[in-house]
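Engineer: sequence first, predicted model second:
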Amino acid sequence: MSDLQSHLESPPPYAAVDDDDDDEQGNIQSQDANSACRLFLKSLRRYKALLLALEEQPLRSASIGIMLVPEVKEDLSRLRIWGEQTHAVFPQNSRRSLDERLRGDEGTKEIVLRFLRRLNDYIGKGCVKIHIATPNCY
């Protein structure tokens, strides 16, 4: 296993949310669908899958992959930092979590959730663009 792959597979600090209630397409089926933590961790997992696919499938992604890998790595790092600084990595019911801090501000919470949903959509479109057939990417 490469250093990059082992680094990408390590969970962010305090991430205690599992994905057992996702269906085959990665859609969230529980009441946690509106959890910033759940959506953040899903985005992080899908982003990692996209990056690994860009690096491991050079024939499929040669035209765009070589140029984009450094940018994708940088953006993944930024996403992880954002999640840690905003406490999006904390479980939804944790006192310090982003979900808890946004509980009284529905407008801001909706903006954050919309951003995370849109990010997930864009990552999925990126996977389709380079023809990745991995469940973690869709």
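Structural biologist: Received the coordinates, thanks.

Engineer: neighbours of Glu100, just the number please.
Structural biologist: Per other CB atoms under 10 Å, the neighbour tally for Glu100 reads 17. Placement of C-beta: from N, CA and C, glycine included.

Engineer: please read the previous query as pertaining to Val72.
Structural biologist: Neighbourhood size, Val72 [other CB under 10 Å]: 18.

Engineer: next up, identify which helix or strand it is on.
Structural biologist: helix 58-86 (DSSP states H and E).

Engineer: quick one: average confidence on the next helix or strand after that helix?
Structural biologist: Note on helix 58-86: by DSSP H and E, the next helix or strand toward the C-terminus is helix 98-102. Averaging pLDDT along helix 98-102 yields 93.

Engineer: which strands and helices lie in contact with helix 98-102?
Structural biologist: helix 36-56, helix 106-129 (3 or more CB pairs under 8 Å, 6 or more residues apart in numbering; DSSP states H and E).

Engineer: including mean pLDDT, distance to Arg95 and mean neighbour count, could these go into JSON lines?
Structural biologist: Formatted as JSON lines, the helices and strands packed on helix 98-102 follow (pLDDT from 0 to 100; distance: least, CB to CB, whole Å; neighbours: other CB atoms under 10 Å):
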{"stretch": "helix 36-56", "mean pLDDT": "88", "distance to Arg95": "13", "mean neighbour count": "22"}
{"stretch": "helix 106-129", "mean pLDDT": "90", "distance to Arg95": "17", "mean neighbour count": "15"}
